[in-house]
Structure formats: C-alpha cells, structure tokens
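> Only the shape, not the letters, is given here:
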C-alpha cells in the first residue's frame, strides 16, 4: 500500500516524461496498419497536436522531433521537408518579426502607448478604451505576446494611481532624509523600542521596502549607524521576521541590547476606503484584460498581424496563385472593420462589467484619481525624453513598407507589382525585406553619425537574442506538415470524411465552422486549428461551388477570437499568471466579446467580402484548381452554369443574406 501511494505521488512529477516517451508508440498503429503516406502525415499531425496541447516538450523540441520522424517513418526526405519549410511566407514572417524588434529597440511602442492614453483620457472608462485601442493597433504589426508584455507595465503603473492612499507614517519631527513615503496597500509593520531611558534620543522615521510589501516605521534609536544599516538593506527586508532578526543583529553589533517587538497593525478602513479598494481591484482586472483582448483582436486586421493570417496567405497563394482577389489591401479592407467594431463592442461590455455608472459619469471629472493617472503618464513620457532620430526613422520605414503593401496590386489602378516580369515575383515579402535591410543600415542617432560615431538601428547580435526562434520554427514546421498532408492526400481524405454540405446554405456552413473553430481554439492553439481546417474547407468549398475565400476567411479570423480560457492565447495566459484575474472572471469577461466578434465577422463577410473580394461568386481560379484535382474539363470562357463540374451547381454560386 505504501509503494502504491508513493507511485501515485510521483504521477504529477513524471507524467509529462512518461507521456512524451509513450505517445509515439501509442499512436504507431496509425502507420503500422497501412503504408499510405497520407496516414503517415496524419500520424505526424496528430503527434504534433498532442505534444503541443499537453506541452510535453518545448516548442523547439517538438519541431526537431517532427523533423526527425519525417524521414524516419518514410513520409519525405529531409530535403523535401526543408523545401517546403522556407517559402515566401516564412521570409515575410521572419522579416516582420525583425521589424517588430526595431520598434522595441527604439522604445517607440512605449511612446505611442503613452501618447494615445493621454490623448484619449484618464477616466476609468477612457483608460479601458485606450488600452484596447493601443494594444489592438500595435498587435496589427507585432505579435500579441510582445504587445501584452510591453503595455502591461503601463497598466500596472496607472492602476496604482487609482488606489486610495494610506495615511503617511512620518511626523513633522521626522528629518527629511528619512521621511516615509506611504504607498502600501497592506497592513503596516511597526518596530518599537522599549527602553524608556532613550526617550530624549533623536527621532528616526520609516523606511519603505522596494517591494511595497509594507510600511515599516522605526521607533527612536540613538545610533545613526543603525539607521544607515536599516536604509541600506531595506529593499531586502520586506518580511517582518527577517527584519526583526536583522535589527536584533544590528543592535548587538553596535554594543546595545534592546528588546524588539514586532507589532502588525491593520490600517483603519472606512466604508469609503473599502469601496475605493474594491473599485481599484475591478479596474485592475479591466485594464489587464483589455490589453489581452485588444492584442487578440487587433492582430486580425492585417495579413502580418498573426500566424493564422499568414497561414491563410500561404495556403491561398500556394493553392490558387497570386492572381486572385486576395492581397494585403483587400484582406485589411474586410478584416479591419471587424477589428475596430469588435474593440468598440468589447469596450462597451467592459464598461458595463467593471465601471458602474460609466455612462452617467462619462463627462464628469474625478480630480484626484484622474490627475494622479495623468501625472503618471506624463512622468513616464518625461522619462522617455524628446523623440529620437531612431524612433522617427523606424516610423518612416514602417510607413513606407505599409504603403508598398497597400499599393502592390490595388486592382483599381496598376500597382508596383506590374513593374516585374511576372506577377509571381512581386509578393508582400519584398517590401518588408527591404525595410528590414534599411533598419540594419540607417543610423540610430544622426547627430552621433555626423560626429564620427556610427551605430545602426538594428544590430544582428541583439536581433538574434530577441527573436522568438521557437515560434518561428514551429510556424515553419506546421506549414510544412500541412503542405505534405496536401501533397500526399491527407487533406482530400479528411474532406471526403465530412458529410455532404451541398444542400446546406453556405452562410449556415460558414457560421457553423466559425463557431466550431472559435470554440475548439479555446483549448487548442488557434494556429493549429486553422492549419487543419483551412485546406479541408478550401476543398469543400470547391466541391460545393462556393468561393473558397468565404470559408477560409471565416476560419482564419474565427480561430483568433479566443477569450474564454487562459491557455487559448499568450495574452490571456500572461494576464492569468499575473494573479489578478481568476478563470471564472476570464470566462465572464470573454463571453460578450466572443459573441460580438462572431456576429461582426458574419456581417463583414456578407457585406464587405462581397463588395471587396466578390466573395459570393465561384471564381475562375477555384474552378481551375478543382479541374486539376478532379480531372474535370474546364473552359475559362464558360459561365458557371455551363462549366462541366458536377459539384458546382449554379444555384450555389450566388447567395444573399
């Protein structure tokens, strides 16, 4: 019985190790019962999913294991794997990550965030809106993980200004050098000296630990050396027991023995103070969740905002070429309105949940807390100093890259892509690679440059240290597995297993797959879910005469609408690990934004998708790919009603909401 209990105690310690070793063996019947390469691709995809969801290995370890197994089980050679790994989308992805690092290098993100918050306003409801907008805007161009880590410290600093202050501990007799600064929100700890014959000694005052764990006041002592020793080590003495032992030892070394007593006193709390404290706690949750949700929502607006969007780009251009209605501009014209409406709706929901009477008090001033918050923002802006050459250079380079993205193929007029010999040569990776090159050349400080000192904005050693290599490797690995799955027939097999959807209106199918993708992404990675669903529903759309972009856009965007669980995304995980919000509070706060985002997605695809991408018409490029896959004849000049496709009926090619 004792050994059995010991075994059960070891399970929480070693379960990951045991599962990581046994999982390839447990899934091996998938490839032992058949020799088809589609089964081998399915085995690797299932194994990758299990390892990622259960976090059995670090991300880089999962990638290396996949790379090891690809030739080992006979799916493909290492050379074939590498050929699919580094494609145009991966170069775009790498260059975007490097450009995001340049924003951090020059501290541009902090300046933009502080300026935006100050401009929007510092009342609680306005601050929530500010955090949503700034995190949403930054995540359009940077990873949501990095944006959350950047903006969260600003939210913490602003929150501290909204918390009611404790009364100061120092007295008028205290010397200015040792005057106490009271910022504690916890019970104060007082050290008292009980020797009555020292009543005439000089009065010392409190010191404040850097951790802000407690306010500590020192009753009269006669030796200035003791005060110096206390001040010198106060940052390391937040715990009352450690502080008591330290004081006793200090007195002993000075030749004086004095009984020290630790008295923990609870600050007096009025009903008003308790109400303010509770309000401050609620606002802390609102600020941090608004940053996380804003970062999740904002990435949907651009093709480079998230891995899901770049995966969508890779599959669309890899399957249908570049001569489609899909590019950076058209995608943003459909997705950006979804983002801004979703951010606004999330703000309304958060105001209702966390700011009672926000609508009534929208224009009312809260002099104390508002001035304190504004003072904090101004102080942080002052610490940044005047705008620097490097920040201006990064802004200009980023602006030029975005302009080139928008003008590559605007459709209404010829874009710069027409200057190339073939349309395939002009891709979205070219502008961002050019911008990255400029960042390695342009000096960070022109004044120093003209004085004989040259240092570029980016240096490769710093880029290597800050680049998320594990995420980059995982993105390439997943893209490669999906390409191999398509080449060797796994995607066709999975699509054939889906029930016939031709009798169901496309809008219903789109709504169901969006809901399914959004819900399953709460417990699995959204990128992983999108990688599986995108090629499957591209084939289903072709077989039922629906524009593939209709389903693919819905899948790519809905799998990013994750707000209900901490593990659904990096931003929510960061906020949850901070200890500010509970699992239940994340669910309560996320239900509203999730429903709103899905509803806005439906409206945007039906209206803007139709206007911008002609998404309700079965296009020639989809017909051509269907003909290649099925062997059916195809006549590009034929109308859809006369094209020889048994699956694409004319009744399914144009739909109305």
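Now that the structure is in, tell me what you want to look at. Owing to the predicted nature of the structure, the values given are computational and were not obtained by experimental measurement.

> How many residues are close by the residue lying closest to residue 336 once chain neighbours are set aside?
In space, and not counting its chain neighbours, residue 336 is closest to residue 301: 4.5 Å by C-beta to C-beta, 6 or more residues apart in numbering. From N, CA and C alone the C-beta is placed, and that goes for glycine too. By the criterion of other C-beta atoms under 10 Å, residue 301 has 27 neighbours.

> tell me the pLDDT at residue 301?
Here the pLDDT value assigned to residue 301 is 91.

> if I look at residue 424, how far off is residue 279?
58 Å (C-beta to C-beta, to the nearest Å).

> of those two, who's got more company?
More crowded of residue 424 and residue 279, by other C-beta under 10 Å: residue 279, with 18 against 13.

> Checking that one next. Helix, strand or coil?
On the three-state scheme (DSSP: H, G, I helix; E, B strand; the rest coil), residue 279 is labelled helix.

> What pLDDT is listed against it?
74.

> again, but for residue 161
pLDDT at residue 161 comes out at 66.

> Now the phi/psi pair for the nearest residue to residue 619 once chain neighbours are set aside, please.
Leaving aside its chain neighbours, residue 619 sits nearest to residue 547 (6.1 Å; criterion: C-beta to C-beta, 6+ apart). Per-residue torsions, residue 547: phi -60, psi 120 (degrees, to the nearest 10).

> Next: residue 443.
Backbone torsions of residue 443, given as degrees, to the nearest 10, read phi -70, psi 150.

> Spit out the contact partners of it.
389, 449, 454-457 (C-beta atoms under 8 Å, 6 or more residues apart in numbering).

> now, which of those sits nearest residue 134?
residue 457 (22.3 Å; C-beta to C-beta).

> And for the closest residue in space to residue 332 that isn't next to it in sequence, the neighbour number?
In space, and not counting its chain neighbours, residue 332 is closest to residue 302: 5.6 Å by C-beta to C-beta, 6+ apart. The number of residues packed near residue 302 is 22, by other C-beta under 10 Å.

> How about the one 10 residues further on?
Around residue 312 sit 26 other residues, with neighbours defined as other C-beta under 10 Å.

> Just to check, it is in contact with residue 534?
Yes: if you go by C-beta atoms under 8 Å, residue 312 and residue 534 touch, sitting 6.4 Å apart.

> between those two, what contacts are shared?
552, 555-556.

> Using TSV, lay out those residues together with neighbour count, secondary structure and pLDDT.
Formatted as TSV, the shared contacts of residue 312 and residue 534 follow (neighbours: other C-beta atoms under 10 Å; DSSP: H, G, I helix; E, B strand; the rest coil; pLDDT from 0 to 100):
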residue	neighbour count	secondary structure	pLDDT
552	24	helix	93
555	27	helix	94
556	30	helix	93
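
> ok, these vs residue 524, which is closest?
Relative to residue 524, and with distances defined as C-beta to C-beta, the nearest of the shared contacts of residue 312 and residue 534 is residue 555, at 13.5 Å.

> So what touches stretch 316-330?
For stretch 316-330, the surrounding residues in contact (C-beta under 8 Å, 6+ apart) are 87-89, 302-303, 313, 405-411, 423-424, 426-428, 483, 486, 535, 538, 548-549, 552, 612-615, 619, 621-622, 625.

> Give the buried residues for that stretch.
316-320, 322, 324-330 (16 or more other C-beta atoms under 10 Å).

> same deal with stretch 99-107?
Buried, per 16+ other C-beta under 10 Å, within stretch 99-107: 99-107.

> do stretch 480-495 as well
For stretch 480-495, using 16+ other C-beta under 10 Å, the buried residues are 480-488, 490-495.

> before we move on, the earlier item: okay, and which of the contacts of stretch 316-330 map to helices?
When these are checked against helices (DSSP state H), the matches are 88-89, 313, 405-406, 483, 486, 535, 538, 548-549, 552, 612-613, 621-622, 625.

> what about the stretch 301-450 of the chain, any weak spots by pLDDT?
358-370 (pLDDT under 70).

> on that earlier part again, TSV please, covering the buried residues of stretch 99-107 and showing secondary structure and distance to residue 437.
Shown next, in TSV, are the buried residues of stretch 99-107 (DSSP: H, G, I helix; E, B strand; the rest coil; distance: C-beta to C-beta, whole Å):
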residue	secondary structure	distance to residue 437
99	helix	11
100	helix	16
101	helix	14
102	helix	12
103	helix	17
104	helix	19
105	helix	16
106	coil	17
107	coil	22
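
> Kindly indicate which of those lies nearest residue 134.
Comparing the buried residues of stretch 99-107 against residue 134 with C-beta to C-beta places residue 103 closest, at 12.8 Å.

> Am I right that the closest one is in contact with residue 143?
No: judged on C-beta under 8 Å, residue 103 makes no contact with residue 143 at a distance of 11.2 Å.

> could you pull out the strands for the chain?
188-193, 207-208, 215-218, 260-265 (DSSP state E).

> List the contacts of the residue lying closest to residue 131 once chain neighbours are set aside.
Nearest-residue entry for residue 131: residue 290, 4.4 Å, with adjacent residues in sequence omitted and distances by C-beta to C-beta, 6+ apart. Residues near residue 290 by C-beta under 8 Å, 6+ apart: 128, 131-132, 135, 346-347, 350.

> same question, residue 93
304, 307, 310, 472, 475.

> for residue 106, same thing?
Applying C-beta under 8 Å, 6+ apart, the residues contacting residue 106 are 388, 390-391, 393-394, 444, 457.

> Check residue 81 too.
67, 70-71, 480, 484 are the contacts of residue 81 under C-beta under 8 Å, 6+ apart.

> hang on, the earlier thing: tell me which of the buried residues of stretch 99-107 is nearest to residue 606?
Using C-beta to C-beta, the buried residues of stretch 99-107 come closest to residue 606 at residue 100, 33.0 Å.

> distance of that closest one from residue 93?
Relative to residue 93, and taking C-beta to C-beta, residue 100 is found at 11 Å.

> Model confidence for the residue nearest to the spatial centre of the chain, exactly?
The chain has residue 144 as the residue nearest its centroid, 2.3 Å off, counting by C-alpha atoms, centre = their mean. At residue 144, the model reports a pLDDT of 84.

> and residue 455, how many neighbours?
12.

> In this structure it contacts residue 448, no?
Yes: at 7.1 Å, residue 455 counts as touching residue 448 under the criterion of C-beta under 8 Å.

> Can you give me the buried ones in stretch 68-75?
Those would be 69-70, 73, 75, for stretch 68-75 by 16+ other C-beta under 10 Å.

> Can you flag which of these belong to helices?
Those of those lying in helices (DSSP H): 69-70.

> Appreciated, that's everything.
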